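Trainee: got a sequence here, can you build the structure:
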Amino acid sequence: MGMQAALHVLYPPQCISCAAPVTSDFGLCSDCWRETPFIGGLVCDQCGVLLPGSDTGERVICDDCMTIARPWGQGRSALMYRDNGRSLVLALKHGDRMDLARPAGGWMLKAARPILQPGMLVVPVPLHWFRLIRRKYNQAALLSKGVAKAAGLDHCPDALIRHRPTGTQEGRTRDGRFANLVGAFSVPPRRAALIEDRDILVVDDVMTSGATFAAATEALFAAKARSVSVLSLARVAKDA
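Mentor: Residues are numbered from 1 along each chain as shown. Below is the predicted model of the structure:
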């Protein structure tokens, strides 16, 4: 405790977003907290998007999830992908801010509590090896590791592999996003026994159309997973 106090004197805690003084490590200042659109209350049970109304404990599905096939069972997100939520995601993804994975993992765990199952295996959406070399880290794997550790669940960062570079999904239509990811993922033979008859939680940084989660889910079901749920740090909404 003495060492920690001394470090705080030398290096006072700063807001993870704007570097303003805060009272604890890995926190947001009051201004950045207000600008960060955390998701709470009534959400779609399949994709986690915020919905109008009060949470009565009943399963509610948004319009998109009623019209788009969702192969997974349940889904949640911690933030809306706008304002400071978008800034934090981009800093983690492209700004080498790997430190953001620690608080983000805590936010994601809070959102995911209603869909966690005992003995679940936490799996990140993988990058293609070429992109991983260029970026040097997989932000989804950093997030999934944090969620698994905090929840006391097993984590397998290489349970899925991405066979080919799929490029950016930005600018593609919804149908184009799904078509671009057909057959992109699989479970490697060395991980087949770990996946079979297991409840899986797939983790990614952002959910937009759900195409990435759908492709990952189909690969896991092909490997005989018992169930698949999904969790993202941020969720893009139609009005985002």
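Trainee: so R76 touches K110, yeah?
Mentor: No: with contact defined as Cβ atoms under 8 Å, R76 does not reach K110; the gap is 9.4 Å. (Each C-beta comes from the backbone N, C-alpha and C, glycine too.)
Trainee: what about those two, which has more around it?
Mentor: Using other Cβ atoms under 10 Å as the criterion, R76 and K110 rank with R76 on top: 28 against 14.
Trainee: got the phi/psi numbers for the nearest residue to the more buried one once chain neighbours are set aside?
Mentor: Closest residue to R76 apart from its sequence neighbours, by Cβ to Cβ, 6 or more residues apart in numbering: G48 at 4.0 Å. With angles defined as degrees, to the nearest 10, G48 sits at phi 80, psi 0.
Trainee: how about F38?
Mentor: phi -70, psi 140.
Trainee: next: V203.
Mentor: In terms of degrees, to the nearest 10, the main-chain angles of V203 are phi -120, psi 140.
Trainee: next, the contact list for it, please.
Mentor: By Cβ atoms under 8 Å, 6 or more residues apart in numbering, V203 lies in contact with 108, 122-125, 140, 143-144, 147, 230-232.
Trainee: okay, and the beta partners of it?
Mentor: P124, L231 (DSSP bridges).
Trainee: three-state assignment of the closest residue to P114 other than its chain neighbours?
Mentor: Leaving aside its sequence neighbours, P114 sits nearest to R76 (Cβ to Cβ, 6+ apart; 7.2 Å). Counting by DSSP: H, G, I helix; E, B strand; the rest coil, the backbone at R76 sits in strand.
Trainee: and V43, bridged to which residues?
Mentor: Beta-bridge partners, per DSSP bridges, of V43: L50.
Trainee: re earlier: can I get the contacts of V203 in a markdown table with pLDDT, distance to C29 and neighbour count?
Mentor: Conversion of these to a markdown table gives the following (pLDDT from 0 to 100; distance: Cβ to Cβ, whole Å; neighbours: other Cβ atoms under 10 Å):
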| residue | pLDDT | distance to C29 | neighbour count |
| --- | --- | --- | --- |
| M108 | 98 | 21 | 26 |
| V122 | 98 | 30 | 25 |
| V123 | 98 | 34 | 30 |
| P124 | 98 | 29 | 27 |
| V125 | 96 | 31 | 24 |
| A140 | 97 | 27 | 25 |
| L143 | 98 | 22 | 28 |
| S144 | 98 | 27 | 28 |
| V147 | 98 | 24 | 27 |
| V230 | 98 | 31 | 30 |
| L231 | 98 | 26 | 26 |
| S232 | 98 | 24 | 31 |
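Trainee: can you put those in a markdown table and add distance to N84?
Mentor: Formatted as a markdown table, these follow (distance: Cβ to Cβ, whole Å):
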| residue | distance to N84 |
| --- | --- |
| M108 | 16 |
| V122 | 26 |
| V123 | 28 |
| P124 | 23 |
| V125 | 23 |
| A140 | 20 |
| L143 | 17 |
| S144 | 22 |
| V147 | 21 |
| V230 | 23 |
| L231 | 20 |
| S232 | 16 |
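Trainee: how close does K224 sit to A214?
Mentor: Distance of K224 to A214, computed by Cβ to Cβ, to the nearest Å: 18 Å.
Trainee: which one of those two has more residues nearby?
Mentor: Using other Cβ under 10 Å as the criterion, K224 and A214 rank with A214 on top: 21 against 13.
Trainee: next up, the contacts around the more buried one.
Mentor: Going by Cβ under 8 Å, 6+ apart, the list of residues near A214 reads 69-72, 178, 181.
Trainee: list only buried entries from those residues.
Mentor: Applying 16 or more other Cβ atoms under 10 Å to the contacts of A214, the neighbour count classes 70, 72, 178, 181 as buried.
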